[in-house]
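> Fold the following for me, if possible:
(one chain, ligands or ions: 2)
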Amino acid sequence: MKTLAIILPCYNEEEILPLTIRKMKTLLSGLIKARKVSPRSRICFVNDGSRDKTAEIIAAACAKNKMFCALNLSRNFGHQGAILAGMYEVCADIYVTIDADLQDNPDCINQMLEKIEEGCDIVYGVRDSRGTDTFFKRTSATLYYRLLKWLGVNIVYNHADFRMMTKRAVETLKQFPERNLFLRAIVPLLGFRSATVYYDRTARQAGETKYPLSKMMALAWNGVSNFSIVPLRMVTFLGFAICFLSLIFLCFVIYRWSVRGTIVGWASLVTIITVFSGVQLVSLGIIGEYLAKVFVEVKKRPLFIVEKKIGFDRETQDC
Ligand code: UDP
Ligand code: MG
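Ligands and ions are numbered 1, 2, ... in the order given. Predicted coordinates for the structure are as follows:
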């Protein structure tokens, strides 16, 4: 029987964790009883540098039950880094990553396992409805997925990071040494046979979102700039278009000069200077953004640093 590792990234989740612990314990016990996964399967909490009582709650759960284990990261590395830490540090045959706030339906894990049994290596959890998300989150997400598609980024529509992967897929993921992480667009690049499982996303049952607008925007920009060079091409295209328009404008100026004499128009001059400076700065900015990515990539800093491992035994530790 295969071992399953359920990876839960947690950042300041003290309000919801007691409920999550109960829910996950019941779920994994059920799977073990039904002989769908090995009794050596684990639930692994990755404490992503929380400042509340998350670490204590997780440690207490690990002390009570061998089913739980935990990784304490040395600081806050972000959701994507925490997920990777769990998948890379825990040894198992199958991995599933799921948010600790129970917004993604954990009962889908059962269906995901069936897909793996059928021979898939990756199973994407896809949000069927976003009824409980705010209007802003719903619309911005839809527009964003459309934009990514238009930019040629291969991404599963409405899939975030609720995903099951076999050990083979996770090992292959390790060959992508990217520092700017956007896992939902990297995983489709792995190939392998994949499937999707649909679920209704529910509202957070306790606590607040740990993804403020700034973090969400940073992740969204990673999705665009890590996988698409279209913005850079657009700068080139814009440059050509503006050169062409300038030529037409030049013809107009020469015509005015030869026919009616020059009239120096302050307004048009100021407008042109402003518009062109703006375009140049935006273009430089886009190039700078990509250069910044190269800067971050070449340094190859670690994606996560584990400060402490709790509840790991030889089987969970060594593959
Ligand atoms: N999270 C994390 N590190 C962070 C931010 C979030 O590990 O820096 C975790 C968080 O605890 C949760 C998951 O990532 O389990 C998703 O975050 P959240 O539910 O706040 O995002 P939302 O659902 O609002 O997009
Ligand atoms: Mg959430």
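
> for residue 11, what are its contacts?
47-50, 54, 76, 79, 82, 210 (CB atoms under 8 Å, 6 or more residues apart in numbering). (Each C-beta comes from the backbone N, C-alpha and C, glycine too.)

> count of residues packed around the closest residue to residue 309 other than its chain neighbours?
Nearest residue to residue 309, sequence neighbours excluded (CB to CB, 6 or more residues apart in numbering): residue 71, at 5.9 Å. Residue 71 has 26 neighbours, counted by other CB atoms under 10 Å.

> How about residue 76?
16.

> List the buried residues for the lengthiest helix in the chain?
The longest helix of the chain (DSSP state H) is helix 266-299. Going by neighbour count (16 or more other CB atoms under 10 Å), the buried part of helix 266-299 is 283, 286, 293.

> does the second one really touch residue 229, like I thought?
No. Because the distance of 10.5 Å does not satisfy CB atoms under 8 Å, residue 286 is recorded as not touching residue 229.

> Can you name the residues of the chain sitting close to ligand 2?
99, 101, 103 (CB under 5 Å from the ion).

> separation between the nearest residue to the second one once chain neighbours are set aside and residue 100?
Beyond its immediate neighbours in the sequence, the residue positioned closest to residue 101 (CB to CB, 6+ apart) is residue 204, lying 4.8 Å away. Here residue 204 is placed at a distance of 10 Å from residue 100 (CB to CB, to the nearest Å).

> For these two, indicate the residue with more neighbours.
More crowded of residue 204 and residue 100, by other CB under 10 Å: residue 100, with 26 against 16.

> Secondary structure element for the more buried one, which one?
For residue 100, there is no host helix or strand (DSSP states H and E).

> now do the one 10 residues further on
Using DSSP H and E, residue 110 maps to helix 108-117.

> what about that helix, distance to the chain center?
Relative to its parent chain, helix 108-117 has a centroid offset of 22 Å by CA atoms, centre = their mean, to the nearest Å.
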